[in-house]
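A.B. asks: please work out how this folds:
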Amino acid sequence: MYAIVRAGGRQEKVAVDDVLTVDKLAGDVGSTVKLQALLVVDGDNVVSKAADLAGYEVTAEILGAVKGPKINIMHYRNKTGYKRRMGHRQPYTEVKITGIGSGK
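C.D. replies: Sure, this is the predicted structure:
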C-alpha cells in the first residue's frame, strides 16, 4: 500500500515507515502531523476521487529539523567595484510515515 501526498507544495510517493524531507512544519519532535492524500493505491484498489479520499488519513511523526545544501549567491556589477556574496540554507523537517488508512 502506498499513497501520493501533498507536502510543502510538492507531491511525494510514500509508504509506511518511509522517511522523507518536507518543507519546514510547525510542531515538536515526536508529534504527529496529517498529510493530505491525493491518491491511495492498495493492491488493485486505486482511490483518486476527492469524496473517497476524504476518508483516508496519512499520518507522520516529526523526527527533527534539518537544513538543505548551502546555496551561494554572488552579486557583481561591472566597473563599479560592487561585489556582494550571500548564502542560504533552506530549513526542512524530516518526517516518518506511521500510517496510511481510512479514518472510518
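A.B. asks: dump stretch 31-38 to CSV, keeping only the CA atoms.
C.D. replies: Extracted in CSV, the C-alpha atoms of stretch 31-38 (Å, rounded to 0.1, in the frame of the first residue of the first chain):
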residue,chain,number,x,y,z
SER,A,31,4.4,15.0,17.5
THR,A,32,2.2,13.7,14.7
VAL,A,33,1.0,15.5,11.6
LYS,A,34,-1.6,14.6,9.0
LEU,A,35,-0.7,14.9,5.3
GLN,A,36,-3.3,15.4,2.5
ALA,A,37,-3.7,12.3,0.4
LEU,A,38,-4.1,12.8,-3.4
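A.B. asks: report the buried residues of it.
C.D. replies: V33, L35, A37, L38 (16 or more other CB atoms under 10 Å). Every C-beta, even on glycine, is put in place using the N, C-alpha and C of the backbone.
A.B. asks: and the helices in the chain?
C.D. replies: For the chain, helices defined by DSSP state H occupy the ranges 50-53.
A.B. asks: if we can go back for a sec, and the buried residues of stretch 31-38, which two are furthest apart?
C.D. replies: The largest separation in the buried residues of stretch 31-38, counting by CB to CB, is between V33 and L38 at 16.2 Å.
A.B. asks: show me what contacts the residue lying closest to G9 once chain neighbours are set aside?
C.D. replies: Counting by CB to CB, 6 or more residues apart in numbering, D23 is the residue found nearest to G9 once chain neighbours are left out, at 6.8 Å. By CB atoms under 8 Å, 6 or more residues apart in numbering, the residues touching D23 are A7, G8, G9, Q90, Y92, T93.
A.B. asks: that older thread, in a markdown table: the buried residues of stretch 31-38, plus distance to Y76 and pLDDT.
C.D. replies: Shown next, in a markdown table, are the buried residues of stretch 31-38 (distance: CB to CB, whole Å; pLDDT from 0 to 100):
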| residue | distance to Y76 | pLDDT |
| --- | --- | --- |
| V33 | 42 | 94 |
| L35 | 42 | 92 |
| A37 | 46 | 92 |
| L38 | 43 | 93 |
